[in-house]
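J.: Mind folding the following:
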Amino acid sequence: MLFMVIEHFKGRDAKAVYARFRDKGRMAPSGLTYVGSWIEANFDRCFQLMECDDPRMLQDWILAWSDLADFEIVPVVPSAETAAVVERHL
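T.: Numbering: from 1, shown residues only. Coordinates of the predicted model:
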């Protein structure tokens, strides 16, 4: 499954997040795959697309970063796959 992870950097402190990433990497457990990310221009939020079959992997990963960010997790489906589902009902 794909998950849009919305990270709210605490205090807009992107430097702390990037310093930890530089020093420790993503710290994702085996089975949690990074797909891509985008950072808001004002450093308030990061949008990461992650993939895994077990949401507990997301929980494990979030706990490693929860001192630097608050998280929203949104299960998502690629647009092309959704279009195929919707097409059957048109």
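J.: Please make it C-alpha for all contacts and neighbour counts, starting now.
T.: Noted.
J.: Any regions of this structure where pLDDT drops low?
T.: Of all residues in the chain, none has pLDDT under 70.
J.: which residues in it form strands?
T.: 2-9, 33-39, 45-51, 69-76 (DSSP state E).
J.: Could you count how many residues lie near residue 20?
T.: Using other CA atoms under 10 Å, residue 20 is surrounded by 14 other residues.
J.: meant to ask about residue 3
T.: Residue 3: 20 neighbours (other CA under 10 Å).
J.: so what's it up against?
T.: 49, 50, 51, 73, 74, 75, 76 (CA atoms under 8 Å, 6 or more residues apart in numbering).
J.: how close does the nearest residue to it once chain neighbours are set aside sit to residue 6?
T.: Spatial nearest neighbour of residue 3, excluding adjacent residues (CA to CA, 6 or more residues apart in numbering): residue 75 at 4.4 Å. As for residue 75, its distance to residue 6 is 11 Å (criterion: CA to CA, to the nearest Å).
J.: Equivalent analysis for residue 55, please.
T.: For residue 55 relative to residue 6 (CA to CA), the value is 15 Å.
J.: more crowded one of the two?
T.: residue 6 (20 against 15).
J.: The more buried one reaches residue 45, doesn't it?
T.: Yes: counting by CA atoms under 8 Å, residue 6 does reach residue 45; the two are 6.6 Å apart.
J.: Just the closest of the contacts of residue 3 to residue 37, please.
T.: Residue 37 has its nearest neighbour among the contacts of residue 3 in residue 49, at 6.1 Å by CA to CA.
J.: Please report how far that closest one lies from residue 64.
T.: With CA to CA as the criterion, residue 49 and residue 64 are 17 Å apart.
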